[in-house]
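*Asks:* Sequence below, structure please.
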Amino acid sequence: MKNLAREYIYWPGISNDIEQIATNCDSCQKASKRPIKTDLSPWPAPNKAWERIHIDFAGPCKDGKLYMIIVDAYSKWPEIFGNTTTSAKDSIKNLEWLFSHYGIPKVIVSDNGSPFQSFEFKNYCISKGIHQIFSPPYHPQSNGQAERFVDYFKRMMNKNWGKSNWLQEVLLNYRATPHYSLGGKSPAEVFLNRKLRIQLALVKPEKPVNSINIQREEIRNKMKKWFDKHHGTKLNRFEVGDNILFGNYDKNKQIQWLPGKIISKNGVVFKIQSDKLRAIIHRHANQLRKIKNFENQHVVNFWWRTPQHIRNKNIQNIPSPNKKSTIQDNLIMKFDVKDPKEQFDHL
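*Replies:* As a prediction, the model looks like this:
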């Protein structure tokens, strides 16, 4: 664009002025490449077991069943309920069984699935004093604890297909297996403060119980440095009250960029008010773009939403932004801007 413009006109600072025009163009922002991923923001480490749990569904799997998977964020201790449904009633029933054994957690992290967004489930969490956190849609990294175990569960199902009681065996082995992220301890040692008695436990000496918090912090820092280095992350600062563009996915999972306003945030997850969708939605920082020079943005949006035949008929009723601009004052060739669309015709 800049090289083409220099073929016909020139003034000092032409490159910067053209870049500003493109930056303030609503259509250009929506059609541009996806934003650079923001820095990896790991979940804060819980202080104890069963303080924060992550929930997800797997299936329908090859056996035709749907499984509800729960993972404790502190110990990686997994629980699986088979042959369930995605109804709020069944989800609450499964959680009631868990809470009767391990107590009530402080936080539940889930996706935006219908059972977790239902009034029945939300009211249940409120009655139990549980804080709900929703991961943004199409961003599985935000619920990585459950997503990783779902992947492991599916692989183990394929590997052990045809065996009887394979699920119990998979759970037992996983709970008894030492994890690098747990300082070499198993989920059972961290969650139950003891080793599970399996056949191999008879020949393996026990290790003394030591604090793993320091090593866990070192592992998270290493993971963050590796992610930031290999994914070309960029620090994006979004604040409450910012006008932004957020990624929204249609039925074909194609992304569209819609305007919205940030009304609250929780780390790198933001709650956004969308007039277009007439709803309050959640998005990760990687799914947001800043809108620069928001003045007259509503006029531009109004122009593009108005059909051509209506614009031609009622053009005098369609508002337009100020005709004067710093860029136009510096142009050798003056542009008579009569409507928002003409601001971008010369690009």
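
*Asks:* Buried residues, stretch 95-106. List them.
*Replies:* Neighbour counts over stretch 95-106 (16 or more other Cβ atoms under 10 Å) mark 95, 98, 102, 105 as buried. The C-beta positions use only the backbone N, C-alpha and C, and glycine is treated the same way.

*Asks:* cool, stretch 254-262 as well?
*Replies:* 257, 258, 259, 260, 261, 262.

*Asks:* quick one: which of those residues sit in strands?
*Replies:* Counting by DSSP state E, those place 257, 258, 259, 260, 261, 262 in strands.

*Asks:* who's in contact with stretch 101-121?
*Replies:* Outside stretch 101-121, the residues that touch it by Cβ atoms under 8 Å, 6 or more residues apart in numbering are 50-57, 73, 86-92, 99, 125, 128-137, 143, 145-146, 282.

*Asks:* Tabulate the CA atom coordinates of that stretch in CSV.
*Replies:* Taking Å, rounded to 0.1, in the frame of the first residue of the first chain, the C-alpha atoms of stretch 101-121 are listed here in CSV:
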residue,chain,number,x,y,z
HIS,A,101,-15.7,-38.4,49.8
TYR,A,102,-13.3,-35.5,49.5
GLY,A,103,-15.2,-32.4,50.6
ILE,A,104,-16.4,-29.4,48.7
PRO,A,105,-13.7,-27.5,46.6
LYS,A,106,-13.5,-23.8,46.4
VAL,A,107,-13.2,-23.4,42.6
ILE,A,108,-14.6,-25.4,39.7
VAL,A,109,-13.1,-24.8,36.2
SER,A,110,-15.0,-25.9,33.2
ASP,A,111,-15.8,-25.0,29.6
ASN,A,112,-19.0,-23.2,28.6
GLY,A,113,-21.0,-26.4,28.1
SER,A,114,-24.7,-26.3,28.7
PRO,A,115,-24.7,-28.2,32.0
PHE,A,116,-22.3,-25.8,33.6
GLN,A,117,-24.1,-22.7,32.3
SER,A,118,-27.5,-23.9,33.4
PHE,A,119,-29.4,-22.2,36.2
GLU,A,120,-29.6,-25.5,38.1
PHE,A,121,-25.8,-26.0,38.1
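
*Asks:* What residues of it count as buried?
*Replies:* Buried, per 16+ other Cβ under 10 Å, within stretch 101-121: 102, 105, 107, 108, 109, 110, 111, 113, 115, 116, 118, 121.

*Asks:* element containing the fourth one?
*Replies:* When secondary structure is defined using DSSP states H and E, the element that contains residue 108 is strand 107-110.

*Asks:* moving C-terminal of that strand, what's the next helix or strand?
*Replies:* helix 114-117.

*Asks:* on that earlier part again, among the buried residues of stretch 95-106, which pair sits farthest apart?
*Replies:* With Cβ to Cβ as the measure, no two of these lie farther apart than 95 and 102, at 10.5 Å.

*Asks:* Now do stretch 173-180: distance from first to last residue.
*Replies:* The first residue of stretch 173-180 is 15 Å away from its last residue (Cα to Cα, to the nearest Å).

*Asks:* for the protein, what spans make up the helices?
*Replies:* Here the chain has its helices, by DSSP state H, at 2-6, 14-23, 26-31, 88-102, 114-117, 119-128, 144-159, 166-176, 187-191, 213-230, 297-305, 308-313, 326-330, 342-345.

*Asks:* and those, which one is worst for confidence?
*Replies:* Comparing mean pLDDT across the helices of the chain, the weakest is helix 326-330, with a mean of 40.

*Asks:* Thanks again, I'm all set now.
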